[in-house]
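>>> I'll drop the sequence and a predicted model, then ask my questions.
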Amino acid sequence: MDTAATTRSVASVVALLIVMLMLLGHGLHVLLLPLASIDNVPPLWLYGLGGALIALSLPIWVAALRLLRDCRPRGILLTEGVYRLCRHPLYGNGICLTLTGLCLWWRSWVMLLVPALSLAAVRLLVRHEERDLAGRYGDAWAHYVADTPCLVPRLWRGRLPFAAPLRSGCVAPGVWGIHNLTASLFVVETQAGYLAIDAGQEPRTLRRALRRQGIDGERVAAVLLTHSDPDHVGGLAAFPHAQVYLGRRELPLLDGSLARTPGHHNAIILRPLTLLDDGDVLVIGGREVRIIAAPGHTPGSLAYLIDNTMLFAGDALNLKNGRACRVLKVFIMNLEEHVASIRKLAGVEGVELLCTAHGGCTANLDQAFCGWR
């Protein structure tokens, strides 16, 4: 049986199981009245909480179904967007949010057992489906399983569709992607140590992530900041000896003359800065770094082309299912410039690896920039 057929078979059994548990729960609720009723919580609270859970589940349902429709027929392993929340968002979202919300409307202790029993049963049922996925996708599936829960959506860790950094590890010879909270940074080996593209969000967790990859933050000689947002500069303390580079047009966000969002300015970077302009070229530890202005997300956003083959775009674009796309509009300061920057980066020749801060990396540049060139 192929993976799609297995999925359909499991989905049918899951639906039947949940209906049976709901009927059983309702029967026990009626049998045990009034003991089964939740009388010590105001009904409006239960109705409101149930409604909120159901409302929260709706966009996850829509996003998961769209990804399935677009990607599953082409054999693409779904690991991004809502599939960052859990490996089976249709089952997990349906049980943890939708079903729990419905059961709260019963105002019954017995009915609240239904989602818990459903989770336990479905966890057993999806094993066969997961064996098929492991056989089909191999190491890619194993890495995904290691970093993503099975059914309970990991909403509390910020694993959101617009903030889905790649898993920490080697992305190319001598190049590591480091997951730090909601963003990715990249570390490139040089003849004299390392250089980093961005600095993550928080130094303590960043140091730990670097150590797991065998990287000493004190040997990072340069940090090339793509822009000044806190999820890209907050971990600078993990690189105490590094020279810090930043786009010149980013300074107004730091000196108070330009607000990042209404009423909010990016924090001052308390390190000496070397300012960069479009077209500048650096040589750091034998690595050639070409600076490409990519404004839009912020005025001074930069992309870095290393050795003419590796393009680090920061938030100048995102990747969704391997294709370049805009970042969320709410994070864009100038939409026209942002779109122009994506087209500009799409025109850079010779790129073999494209890396982003929130959408991972790809070596398939033709697919990534399809429609942008």
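Cool, got the structure. Numbering: from 1, shown residues only.
>>> and the helix or strand containing residue 319, how far out from the chain middle?
Element membership of residue 319, judged by DSSP states H and E, is strand 318-320. With CA atoms, centre = their mean, to the nearest Å as the basis, strand 318-320 stands 10 Å off its chain's centre.
>>> partners of the helix or strand that comes right after that strand, with directions?
Using DSSP H and E, the helix or strand that follows strand 318-320 in sequence is strand 323-325. Strand 323-325 has its sheet partners listed here by DSSP bridges as strand 318-320 (antiparallel).
>>> that older thread, contacting residues around the strand holding residue 319?
Strand 318-320 has contacts (CB atoms under 8 Å, 6 or more residues apart in numbering) with 80-81, 162, 324-327, 354, 356, 358-362, 368. To be clear about C-beta, it is placed using only N, CA and C from the backbone, and glycine gets the same treatment.
>>> redo that, cut-off 10 Å
If you take CB atoms under 10 Å, 6 or more residues apart in numbering as the criterion, strand 318-320 is touched by 67, 70, 80-81, 161-164, 166, 297, 313, 324-328, 331, 342, 354-362, 367-368.
>>> got a quick PyMOL command for the buried subset of those?
The following PyMOL line selects those of the contacts of strand 318-320 that are buried, judged by 16 or more other CB atoms under 10 Å:
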select buried, resi 67+80+81+161+163+164+166+297+313+324+325+326+327+331+342+354+355+356+357+358+359+360+361+362+368
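>>> among the contacts of strand 318-320, which lie within strands?
The strands, defined by DSSP state E, take in 324, 325, 354, 355, 361, 362 from these.
>>> correct me if wrong: the last one contacts residue 324.
Think residue 362. Yes - taking contacts as CB atoms under 10 Å, residue 362 lies within contact range of residue 324: 8.8 Å.
>>> mutual contacts of the two, please.
Applying CB under 10 Å, 6+ apart, one finds that residue 362 and residue 324 are jointly contacted by 354, 356, 368, 369.
>>> which of those residues lies closest to residue 145?
Using CB to CB, residue 356 comes nearest to residue 145 of the shared contacts of residue 362 and residue 324, at 23.2 Å.
>>> these two touch, right, the closest one and residue 326?
No - using CB under 10 Å, residue 356 is not in contact with residue 326, being 11.7 Å away.
>>> overlap of the contact sets of those two?
Joint contacts of residue 356 and residue 326 (CB under 10 Å, 6+ apart) are 316, 317, 318.
>>> and those residues, which is closest to residue 23?
The closest of the shared contacts of residue 356 and residue 326 to residue 23 turns out to be residue 318 (CB to CB; 44.3 Å).
>>> pLDDT value on that closest one, please?
Looking at residue 318, its pLDDT reads 92.
>>> now do it against residue 329, distance only.
12 Å (CB to CB, to the nearest Å).
>>> and for residue 183?
Residue 183 sits at a distance of 18 Å from residue 329 (criterion: CB to CB).
>>> okay, these two: which has more neighbours?
With neighbours defined as other CB atoms under 10 Å, residue 183 and residue 329 compare such that residue 183 has more, 26 against 8.
>>> pretty sure the more buried one sits against residue 231.
Yes - between residue 183 and residue 231 a contact is recorded at 4.2 Å, counting by CB under 10 Å.
>>> show me the strands in the stretch 201-350 of the chain, by range?
220-224, 243-247, 273-276, 281-284, 287-293, 302-306, 310-312, 318-320, 323-325 (DSSP state E, counting those that start in this stretch).
>>> got a markdown table for those strands, with distance to residue 198 too?
Shown next, in a markdown table, are those (distance: least, CB to CB, whole Å):
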| stretch | distance to residue 198 |
| --- | --- |
| strand 220-224 | 7 |
| strand 243-247 | 11 |
| strand 273-276 | 14 |
| strand 281-284 | 15 |
| strand 287-293 | 14 |
| strand 302-306 | 10 |
| strand 310-312 | 8 |
| strand 318-320 | 15 |
| strand 323-325 | 18 |
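>>> got the domain boundaries for this protein?
Domain assignment for the chain by automatic domain parsing gives 3-156, 163-368.
>>> give the contact list for residue 76.
Shown in contact with residue 76 (CB under 10 Å, 6+ apart): 67, 70, 137, 321, 322.
>>> and the furthest pair within those?
70 and 137 (17.5 Å).
>>> closest to residue 53 out of the strands of the stretch 201-350 of the chain?
Of all those, it is strand 318-320 that lies closest to residue 53, at 26.7 Å by CB to CB.
>>> what about residue 170, which SS state?
Of the three states, residue 170 takes strand under DSSP: H, G, I helix; E, B strand; the rest coil.
>>> ok, it - how many residues close by?
Per other CB under 10 Å, the neighbour tally for residue 170 reads 11.
>>> show me where the protein has its helices.
Assigned by DSSP state H, the chain shows helices spanning 3-32, 43-71, 89-93, 100-104, 113-137, 139-147, 203-212, 230-233, 251-254, 335-346, 365-368.
>>> out of those helices, which one sits most buried?
Per-stretch averages of neighbours, counted by mean count of other CB atoms under 10 Å, single out helix 89-93 among these, with a mean of 24.
>>> quick one: residue 309 from residue 373, how far?
Using CB to CB, residue 309 is found at 18 Å from residue 373.
>>> I'd guessed residue 237 sits against residue 199; true?
Yes - applying CB under 10 Å, one finds residue 237 in contact with residue 199, separated by 8.5 Å.
>>> neighbour-wise, which of those two wins?
Higher neighbour count among residue 237 and residue 199: residue 199, with 30 against 15, using other CB under 10 Å.
>>> now do the contacts for the more buried one.
Listed by CB under 10 Å, 6+ apart, the contact set of residue 199 reads 178, 180, 183, 185, 206, 217, 220, 223-225, 231-239, 242, 244, 269, 271.
>>> try 8 Å this time
185, 206, 223, 225, 232, 233, 234, 235, 236, 238, 239.
>>> burial measure for the fourth one, as a count.
Around residue 225 sit 27 other residues, with neighbours defined as other CB under 10 Å.
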